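A.B. asks: Task: produce atomic coordinates for the following.
(one chain, ligands or ions: 2)
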Amino acid sequence: MRRLLVTGGAGFIGSNFVHYWLDRHANDRVLVLDALTYAGNLANLEPAKTNANFRLVHGDICNGELVESILREQAIDTIVHFAAESHVDRSIVGPDAFIQTNVVGTHALLKAARKIWLGSEKQLQTHRFHHVSTDEVYGSLGPNDPAFTETTPYSPNSPYSASKAASDHLVRAYHHTYGLNVTTSNCSNNYGPYHFPEKLVPLTIVNILLGKPLPIYGDGRNVRDWLHVTDHCRGIEAILERGRVGEVYNIGGSGECENIDLVHRLCEIADHLFAADASLRHMYPSSPAAQGRASKDLISFVKDRPGHDRRYAINAMKSRTELGYAAKVQLSAGLRDVFTWYVNNASWWRAVMDGSYREWVREHYSM
Ligand code: NAD
Ligand code: TYD
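C.D. replies: Ligands and ions are numbered 1, 2, ... in the order given. Got it, this is the predicted structure:
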């Protein structure tokens with residue numbers, strides 16, 4: 001039986017991981033530590049609320065004393081560290097929060113883990129600190145460059161990726177210097193349920209449903225490798241169960257796609273869904289698809305993001321050979337499923353977009 005501390009478990013990937021883990025590891029305890037920033041949403045954790053093995057603590061990873069007390073009192077043996085500021089555009093406008101949470105916060109967690117797991121209070125036979133990072137630390141690829149491997153030199157280009165790179169180095173250093181049992185995963189762009197509608201996939205879906213413009217930065221030819229969030233959770237599970245301590249594993253989706261192509265695919269999915277189900281026209285009357293027009297008419301090319309990385313691609317050979325891991329969800333099927341999730345969960349994204357989910361949180365949770 002494991003006792004997990006999941007940081008950032010109220011965010012997009014963290015909440016999907018909590019559901020994934022509780023579904024498959026019925027005897028494990030999962031405690032989420034989350035500061036509930038704009039990206040943290042307790043509605044994401046609603047399905048876990050009644051599970052006796054689930055608990056939430058509202059707090060900041062930068063609070064070392066709080067983290068130490070959780071590790072000590074809950075006898076945590078595994079940390080899965082998702083908590084971060086995660087949006088590149090926000091890091092360009094305001095980098096400070098990224099340094100604070102991603103660098104200082106990760107260091108606070110490492111210090112607490114070292115103290116409780118390796119210091120004089122040491123009680124557990126075994127422990128693991130798994131750090132969730134990104135392929136963006138490797139920089140930008142040209143069209144014909146080989147995909148990122150675990151030994152590709154770091155070359156981060158945005159304040160977000162630079163802060164994640166710094167945190168990766170700290171995790172590595174705590175293994176080499178102090179013997180902390182760490183693993184790190186660097187994954188590609190995730191998509192799936194509970195994705196905050198500021199990122200490309202959920203923003204495009206929601207804007208199609210609302211009949212709003214679909215902003216494409218620059219020429220739209222930037223390439224990302226799309227990974228379904230469930231595949232990402234399986235990859236982390238494989239690392240926790242079979243990964244070697246001190247190692248880094250890349251997790252990719254084998255789903256390279258240009259942004260403009262991705263948005264076209266989502267537009268086509270919308271057109272098909274609306275053509276097949278007349279009730280959608282009443283649910284989303286402002287969508288072009290409800291009026292017999294093509295969703296792609298909403299595409300709008302806008303000014304490029306400063307320093308916009310051209311291409312990311314993951315070589316996942318190490319995860320495949322060492323862990324027996326490969327992504328299962330094909331991009332076309334995954335995009336259809338996630339589009340359908342947003343169609344059926346309008347109350348979730350409407351509340352996120354107008355901020356009223358915070359009232360919902362206050363009503364449902366006394367904090
Ligand atoms: P997210 O922005 O949806 O969620 C982040 C969560 O962390 C939120 O619940 C937020 O409240 C919490 N948080 C932020 N600051 C905190 C603090 N100081 N203390 C405690 N909690 C805090 O992010 P996500 O998309 O779920 O990403 C999760 C992790 O995966 C991040 O580390 C990110 O860098 C990494 N990652 C994400 C992607 C992606 O495509 N989304 C790709 C690669 C790597
Ligand atoms: P995003 O979802 O922000 O993830 P990341 O920047 O971490 O890769 O963006 C994915 C790609 O989509 C990226 O190349 C930027 C682009 N993009 C747009 O073209 N329009 C948008 O409105 C957004 C949010 C992103």
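A.B. asks: Which parts of this protein are helices?
C.D. replies: Assigned by DSSP state H, the chain shows helices spanning 12-24, 64-73, 88-93, 96-98, 106-118, 159-178, 200-210, 229-242, 259-276, 279-283, 317-318, 331-344, 346-354, 357-364.
A.B. asks: Out of these, the one nearest ligand 1 is which?
C.D. replies: Relative to ligand 1, the nearest member of these by Cβ to the nearest ligand atom is helix 12-24, separated by 3.5 Å. To be clear about C-beta, it is placed using only N, CA and C from the backbone, and glycine gets the same treatment.
A.B. asks: For the closest one, name the packing helices and strands.
C.D. replies: Helix 12-24 sits against strand 3-7, strand 29-34, helix 229-242, with contacts defined as 3 or more Cβ pairs under 8 Å, 6 or more residues apart in numbering; DSSP states H and E.
A.B. asks: report the angle between the axes of the second one and helix 12-24?
C.D. replies: Here strand 29-34 points in a direction 170 degrees away from that of helix 12-24 (axes from the mean of the first three to the mean of the last three Cα atoms, to 10 degrees).
A.B. asks: Next: the longest one.
C.D. replies: Taking the same axes, to 10 degrees, one finds that helix 229-242 is oriented at 60 degrees with respect to helix 12-24.
A.B. asks: Please tabulate the helices of the chain in a markdown table, including the columns distance to ligand 1.
C.D. replies: Shown next, in a markdown table, are these (distance: least, Cβ to the nearest ligand atom, whole Å):
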| stretch | distance to ligand 1 |
| --- | --- |
| helix 12-24 | 4 |
| helix 64-73 | 10 |
| helix 88-93 | 9 |
| helix 96-98 | 8 |
| helix 106-118 | 9 |
| helix 159-178 | 5 |
| helix 200-210 | 9 |
| helix 229-242 | 8 |
| helix 259-276 | 13 |
| helix 279-283 | 26 |
| helix 317-318 | 17 |
| helix 331-344 | 13 |
| helix 346-354 | 11 |
| helix 357-364 | 12 |
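A.B. asks: Using JSON lines, please lay out the ones you listed together with mean pLDDT, distance to ligand 2 and mean neighbour count.
C.D. replies: Output for those, formatted as JSON lines (pLDDT from 0 to 100; distance: least, Cβ to the nearest ligand atom, whole Å; neighbours: other Cβ atoms under 10 Å):
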{"stretch": "helix 12-24", "mean pLDDT": "98", "distance to ligand 2": "11", "mean neighbour count": "22"}
{"stretch": "helix 64-73", "mean pLDDT": "98", "distance to ligand 2": "27", "mean neighbour count": "17"}
{"stretch": "helix 88-93", "mean pLDDT": "95", "distance to ligand 2": "4", "mean neighbour count": "16"}
{"stretch": "helix 96-98", "mean pLDDT": "97", "distance to ligand 2": "12", "mean neighbour count": "17"}
{"stretch": "helix 106-118", "mean pLDDT": "98", "distance to ligand 2": "18", "mean neighbour count": "21"}
{"stretch": "helix 159-178", "mean pLDDT": "98", "distance to ligand 2": "7", "mean neighbour count": "20"}
{"stretch": "helix 200-210", "mean pLDDT": "97", "distance to ligand 2": "4", "mean neighbour count": "22"}
{"stretch": "helix 229-242", "mean pLDDT": "98", "distance to ligand 2": "13", "mean neighbour count": "21"}
{"stretch": "helix 259-276", "mean pLDDT": "98", "distance to ligand 2": "5", "mean neighbour count": "19"}
{"stretch": "helix 279-283", "mean pLDDT": "96", "distance to ligand 2": "23", "mean neighbour count": "13"}
{"stretch": "helix 317-318", "mean pLDDT": "98", "distance to ligand 2": "22", "mean neighbour count": "14"}
{"stretch": "helix 331-344", "mean pLDDT": "98", "distance to ligand 2": "13", "mean neighbour count": "18"}
{"stretch": "helix 346-354", "mean pLDDT": "90", "distance to ligand 2": "14", "mean neighbour count": "16"}
{"stretch": "helix 357-364", "mean pLDDT": "62", "distance to ligand 2": "20", "mean neighbour count": "14"}
